[in-house]
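Trainee: what shape does this take:
(chains A and B)
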Amino acid sequence: MAGFISDTAAVFRRELRRISEQPIYAVLTVVLPLVSFAFFAILFEEGVARNIPIAVLDQDHSTLSRKVTQMIDDTPTVMVSFEVQDMPEAERLMREGKIDAVVLIPYDFEKNILSNRQTNLDAYVTGTNITVNGLLAKDIQTAVSTFAAGIQIQLLTKKGLTEKQAMAQLMPVRFVKHILFNPYTNYGYYLSPSFMPMMLLIFTIMTTIFAIGTELKHSTAKEWLDTAGGSVFAALVGKVLPIIIIMFIMSLAMFVIIFNVVGVPLNGSIAMLLFGSLLFIVSYQAIGTFIITILSNMRLALSLGGGYSVLAFTFSGLTFPIMAMYPAMQVFSRFFPFTYYTDLIIDQAMRGTPPAYSIPDLCYMSLFILLPLLCLPHLRTICTEEKYWGKL
Amino acid sequence: MKRLLRQIKSYWQQFLSVAANEYRTIRSDEGVILVLVLALLIYSTLYSFAYAPQVLHNVPIGVIDNSRTPASRNLVNLFNAAPNTYTAYEVSDMKEAEQLFFERKIYGVVYIPENYEELLLQGSQAVVSVYADASYFLVYRQIFQEVVTGINLTGAAVEFERLLAKGTIQPTARATTQPVIYQTHNLFNPYLGYGSFVMPAVIMVIIQQTLLIGIGIIGGTWREFGLYKKLLPTDRKRLSALPVVLAKAAVYASIYAVTTLYILNVHYRLFHYPMNGNPWTVAAFMIPYLAACIFMGIAVSTLFRYRENALLLLLWTSIPILMLSGASFPQQAIPEWLYTFGKIFPSSSGVSAFIRIQSMGASFEEVLPEIRVLWSLAIVYAGLSCIGIHLITKREFRREHGDAEE
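Mentor: From the prediction side, this is the model:
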């Protein structure tokens, strides 16, 4: 045991020297992670979309049609930027990327309303951007409902009802909405706790593959193993330990940015978040180690590891939920530590879930850490046999 | 004249030798093949499979029905019959609902109070509370849409009946209940399929990123093996970098011509993505898009000293670049200066133009501004590529001569 510690320490010292000699390490573990965190903090600074341009085709040109247009324009996300004469013109503006929706107010809009007949109002919203579509559909609908409610109240009060009676009459069932966990439906709250860990995992896996792969590429693997007194386990631990420490500090920086700069609520257990981050980092190091050991070829391992790491976002189910995917894809999504980490962050940062509920996520992430243990003998082989070296 | 012909001939030979060399380098490097050829196919397929169901249906919700009356049953049945939600659990109180929430068994709760039916029959207003989880935006949207529609429908039906009971004639009652019939129509992607929305943008970004990284790896290879001085004539002329740049570009263009054709024809059909674009317009867009990406790739590749650097330094940019294109994240939510900065990437103009051509059916004239930007980027990056290669050969030439003198 004492031997193991001193062997690991020797590799650790060797690794620190290598890290200080090669600037690429600092770039990968400190500079670029911070740059990427800063990027997302700036990207989500506004957090909500405002003034998305739309067009109105007003065939009625009446006081009421102007009023409903004004009400639509007054909503936070919508900006009426164009008044068009016909639908082809609106469609052209849409294809030119100048508007994302058009509202059609038909002839006799006002006349129908005033003579107590039903009238139509149609919104055509582009489906090519679901996020924009959702925002516009919701705000235009809200504006139109408010407009319609105003008319209903007028009609009913004319009949001699008080305003309160009229309200009960026109809206027999009222609903109170409670938006849980992200009350402002802020994109920053929604996306930054997952984009920033994505960056963290990409740099973790790439740095790990590089740190081991470079020993093979420059034929220093034997020297690395010798520093560990021939113990491949000590060699591996001593090598990944400095990266664990740096990346864990980076994850702290990430949390400071997520909670203090972006302002994501922190409702759960910090201890769980920190412990989860540690497991998250180590699990991606384990996967990186596994890939480079099996392939013993840095360029291929980087391509494969890189490809694998970027996939994680889609399969975390944050944007398109896992429950909507095909069963085979649901199974596939389990092979990414990021999936569990996303759940953990949502539970422990936003939802304030009791910590006990997040223990399974931690256990699943821990399973990935066993991967390199399976291939330790092979790691020893590639470190001792020259035929694995020098592959660029 | 003769000199000019000889010059052209020598450039042509240089072009051929660089192109042949480039094919050889790509073929012998599995890492590069993985990035330049397979990545586009694998990613497009995996992502498309992940998004293949396109729409989220049947989100489980919990209902607390304290009323337990025919009226409240009706409301619960509405949520159940709707495509987007189903009542997975009927719970007795909020505490139990919370438990299910934390276990991720439900994503929303509807609370119907005890006096629900009573209030409705009295002619006063009943209040229903809806709790929906906004930590997953798509889930949130489906729950709200369904629950709000259900409640509004119920409300309208009750109001209509009350008016009829008071002796109002049907058309008037209808007009009072719903003076404005409002409808939203979703254009180009009627069911709001997630794959149809996000994949066109993702495919464009993958094309750009794999080109940047793949060309970058090869650029690093050239530096590591000293290929620059081998493939450039020793009597360096000012224009001598141009045939090299063009030869490299032609090789990548030939690869991407094949993979892109596959994606836009076969893959698009397999997954039923919108194909409203005129094929000639698509081609008139893809040519400058690929040119801009390739030349940017060559320009950036001159910065890499080692073959692994491109992957290490560029991979992470994929997600930020996808976000900057404004395709999945609304452009209006991005700080303006950042969005403008993003224009240095072909994807920012490319994603928008491609979606408009292929999903909306825009004509060449309607995307002309973006196509102009793409051609300008192609020219600027081609120039930067020549300068970059020129600088490297100059440095290597000098270093070699310096070494020789020592």
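Trainee: please save the CA atoms from stretch B:145-157 in PDB.
Mentor: Taking only C-alpha atoms (Å, rounded to 0.1, in the frame of the first residue of the first chain), the coordinates of stretch B:145-157 have been written out as PDB:
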ATOM      1  CA  GLN B 145     -51.200  23.100 -24.100                       C
ATOM      2  CA  GLU B 146     -53.400  20.100 -23.200                       C
ATOM      3  CA  VAL B 147     -54.500  21.200 -19.800                       C
ATOM      4  CA  VAL B 148     -55.400  24.700 -20.900                       C
ATOM      5  CA  THR B 149     -57.200  23.500 -23.900                       C
ATOM      6  CA  GLY B 150     -59.200  21.100 -21.700                       C
ATOM      7  CA  ILE B 151     -60.100  23.700 -19.200                       C
ATOM      8  CA  ASN B 152     -61.100  26.200 -21.800                       C
ATOM      9  CA  LEU B 153     -63.200  23.700 -23.700                       C
ATOM     10  CA  THR B 154     -65.000  22.800 -20.500                       C
ATOM     11  CA  GLY B 155     -65.500  26.500 -19.600                       C
ATOM     12  CA  ALA B 156     -66.900  27.300 -23.000                       C
ATOM     13  CA  ALA B 157     -69.300  24.300 -22.900                       C
END
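Trainee: quick one: that stretch to chain centroid distance?
Mentor: 34 Å (Cα atoms, centre = their mean, to the nearest Å).
Trainee: how about that stretch: buried residues?
Mentor: If you call a residue buried by 16 or more other Cβ atoms under 10 Å in any protein chain shown, then stretch B:145-157 has these buried ones: B:145-148, B:150-151, B:154-156. For every residue, glycine as well, the C-beta is placed using N, CA and C.
Trainee: tell me the one of those residues nearest residue B:230?
Mentor: Proximity to residue B:230 was ranked across the buried residues of stretch B:145-157 by Cβ to Cβ; first place goes to residue B:145, at 63.0 Å.
Trainee: tell me which element the closest one falls in.
Mentor: Residue B:145 is part of helix B:137-165 when elements are defined by DSSP states H and E.
Trainee: now that helix: mean pLDDT?
Mentor: Per-residue pLDDT values over helix B:137-165 give a mean of 87.
Trainee: thinking again about what came up before, of the buried residues of stretch B:145-157, which are in range of chain A?
Mentor: B:147-148, B:151, B:154-155 (Cβ under 8 Å from any Cβ of the partner chain).
Trainee: determine the longest helix present in the chain.
Mentor: Here I'm looking at chain A. helix A:187-217 (DSSP state H).
Trainee: hm, I was asking about chain B
Mentor: Ordering each helix of chain B by length in residues (DSSP H) puts helix B:368-405 first.
Trainee: list the buried residues in it.
Mentor: Neighbour-count burial for helix B:368-405 [16+ other Cβ under 10 Å]: B:370-371, B:373-374, B:377-378, B:381-382, B:384-386, B:388-390, B:392-393.
Trainee: low-confidence ranges, chain A, go.
Mentor: For chain A, the stretches with pLDDT under 70 are A:184, A:391-392.
Trainee: what's the separation between the closest residue to chain A within the stretch 101-250 of chain B and residue A:141?
Mentor: In the stretch 101-250 of chain B, no residue comes nearer to chain A than residue B:189, which is 3.0 Å away by Cβ to the nearest Cβ. From residue B:189 over to residue A:141 the distance is 18 Å, taken as Cβ to Cβ, to the nearest Å.
Trainee: tell me which of the two has more neighbours.
Mentor: Neighbour comparison, residue B:189 and residue A:141: the larger count goes to residue B:189, with 22 against 18 (by other Cβ atoms under 10 Å in any protein chain shown).
Trainee: around residue 357, how many other residues sit close by?
Mentor: Reading this off chain A. The tally of other residues near residue A:357 (other Cβ under 10 Å) stands at 20.
Trainee: sorry, I should have been clearer: chain B.
Mentor: Every residue meeting other Cβ under 10 Å relative to residue B:357 is counted, giving 26.
Trainee: that one and residue B:370 touch, don't they?
Mentor: No: counting by Cβ atoms under 8 Å, no contact exists between residue B:357 and residue B:370, whose distance comes to 9.4 Å.
Trainee: shared neighbours of the two, anything?
Mentor: Any residue near both residue B:357 and residue B:370 by Cβ atoms under 8 Å, 6 or more residues apart in numbering or on different chains counts here, and that gives residue B:285.
Trainee: nearest to chain B: which residue in chain A?
Mentor: Nearest residue of chain A to chain B: residue A:127, at 3.0 Å (Cβ to the nearest Cβ).
Trainee: now do the contacts for that residue.
Mentor: Residues near residue A:127 by Cβ under 8 Å, 6+ apart: A:133, B:186-192, B:196-197.
Trainee: work out for me the element the closest residue to residue B:71 other than its chain neighbours sits within.
Mentor: Computed as Cβ to Cβ, 6 or more residues apart in numbering or on different chains, the closest residue to residue B:71 that is not its neighbour in sequence is residue B:117, at 4.0 Å. Here residue B:117 is covered by helix B:116-122, with elements defined by DSSP H and E.
Trainee: list the buried residues for that helix?
Mentor: B:116-117, B:119-120.
Trainee: which other helices and strands does the helix or strand following that helix contact?
Mentor: Using DSSP H and E, the helix or strand that directly follows helix B:116-122 along the chain is strand B:126-133. Helices and strands touching strand B:126-133, by 3 or more Cβ pairs under 8 Å, 6 or more residues apart in numbering or on different chains; DSSP states H and E, are strand A:173-180, strand B:108-112, helix B:116-122, helix B:137-165.
Trainee: the longest one versus strand B:126-133: what angle between them?
Mentor: When you say that, I think you mean helix B:137-165. Between the axis of helix B:137-165 and that of strand B:126-133 there is an angle of 170 degrees, by axes from the mean of the first three to the mean of the last three Cα atoms, to 10 degrees.
Trainee: circling back to that earlier point, quick check: mean pLDDT across the longest helix of chain B?
Mentor: Rounded mean pLDDT across helix B:368-405 is 86.
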